[in-house]
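S.K.: Dropping the sequence and predicted coords here.
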Amino acid sequence: FSALIHDVDHQGVPNAQLCKEDSPDAVHYNFKSVAEQNSIDIGFELLMEPCYSNLRSCIYRSQNEFRQFRQLIVNTVMATDIVDKELGALRRKRWETAFAKTDNDGQQECNSSKGDGTACKDDTNRKATIVIEHLIQASDVAHTMQHWHVYLKWNERFFQECMYAYKDGRAETNPVDGWYKGEIGFFDFYIIPLAKK
């Protein structure tokens with residue numbers, strides 16, 4: 001579901017531009033992860049339509065399951081905002097929390113004062129959520145990890161999107177300037193580290 005909705009109603013410009021323009025969405029979402037929050041709201045608005053009642057009953061059967069599902073969707077779609085440094089830092093901290101503590105055998109420690117397995121379940125859920133967040137990040141840029149022709153196709157489309165924004169006065173720099181260097185930097189500082197995770 002996250003993969004289906006994560007770019008719904010994307011305006012062809014980054015969040016920074018939407019904020020700079022004081023767009024209605026930017027104002028509504030307090031200038032924070034504007035496109036992502038908008039996609040989440042639209043996606044859930046669509047999911048709640050009566051025609052999707054059978055789908056909803058397959059996804060969740062209780063209010064608690066709905067809350068868990070919604071939180072997972074929010075986390076994963078928000079993970080596609082790779083520019084927000086604060087969100088990135090929170091994700092890195094969650095990754096470290098989920099995978100750093102191990103016992104002598106390299107197994108995750110599950111300490112619970114109640115002895116009811118709550119800590120183990122929380123640890124498992126934390127790991128699952130952070131892994132899913134990284135998977136959607138990888139799928140969001142999967143064209144960079146596929147056949148050369150696929151990469152060229154998607155890169156050309158993204159370039160055209162950036163060019164349209166520039167010609168419409170919604171981007172300050174011509175994408176021609178520094179495109180090659182930008183792509184190399186994207187691989188070096190985002191794609192390769194993400195793939196290594």
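M.R.: Okay, I see it.

S.K.: drop to CA atoms for contacts and neighbour counts, all remaining ones
M.R.: OK.

S.K.: Give me the helices and strands touching the longest helix along the chain, please.
M.R.: The residue-count maximum for a helix in the chain (DSSP state H) belongs to helix 118-140. Under the contact criterion of 3 or more C-alpha pairs under 8 Å, 6 or more residues apart in numbering; DSSP states H and E, helix 118-140 touches helix 2-5, helix 63-78, helix 85-100, helix 192-196.

S.K.: can you put these in JSON lines and add distance to Cys51 and mean pLDDT?
M.R.: Converted to JSON lines, the helices and strands packed on helix 118-140 look like this (distance: least, C-alpha to C-alpha, whole Å; pLDDT from 0 to 100):
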{"stretch": "helix 2-5", "distance to Cys51": "17", "mean pLDDT": "94"}
{"stretch": "helix 63-78", "distance to Cys51": "18", "mean pLDDT": "96"}
{"stretch": "helix 85-100", "distance to Cys51": "34", "mean pLDDT": "89"}
{"stretch": "helix 192-196", "distance to Cys51": "38", "mean pLDDT": "91"}
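
S.K.: Of the ones you listed, give the one that comes closest to Ser39.
M.R.: Distance to Ser39, taken as C-alpha to C-alpha, is lowest for helix 2-5 among the helices and strands packed on helix 118-140, at 6.0 Å.

S.K.: and the closest one, which residues are buried?
M.R.: Neighbour counts over helix 2-5 (16 or more other C-alpha atoms under 10 Å) mark 2-3, 5 as buried.

S.K.: ok, then the element right after it?
M.R.: Note on helix 2-5: by DSSP states H and E, the next helix or strand toward the C-terminus is helix 15-20.

S.K.: What mean pLDDT does whatever helix or strand comes next after that following helix get?
M.R.: Beyond helix 15-20 in the direction of the C-terminus, DSSP H and E gives the next helix or strand as helix 24-28. For helix 24-28, the mean per-residue pLDDT is 97.

S.K.: Stretch 122-140 too?
M.R.: 90.

S.K.: Give me the contacts around it.
M.R.: Stretch 122-140 is contacted by residues 2-3, 72, 75-77, 79-80, 91, 94-95, 98-99, 110, 191, 194-195 when judged by C-alpha atoms under 8 Å, 6 or more residues apart in numbering.

S.K.: So which bits of the longest helix of the chain are buried?
M.R.: 119-120, 123, 126-127, 129-138.

S.K.: hang on, the earlier thing: now the helices and strands packed on helix 118-140 in a markdown table, with distance to Val150?
M.R.: As requested, these are arranged in a markdown table below (distance: least, C-alpha to C-alpha, whole Å):
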| stretch | distance to Val150 |
| --- | --- |
| helix 2-5 | 18 |
| helix 63-78 | 23 |
| helix 85-100 | 27 |
| helix 192-196 | 18 |
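
S.K.: Which one of the ones you listed lies nearest to Gly169?
M.R.: For those, proximity to Gly169 was assessed by C-alpha to C-alpha; helix 85-100 is nearest, at 25.9 Å.

S.K.: That closest one: how far from the chain's middle?
M.R.: How far helix 85-100 lies from its chain's middle: 14 Å, per C-alpha atoms, centre = their mean, to the nearest Å.

S.K.: No further queries at this time; thank you.
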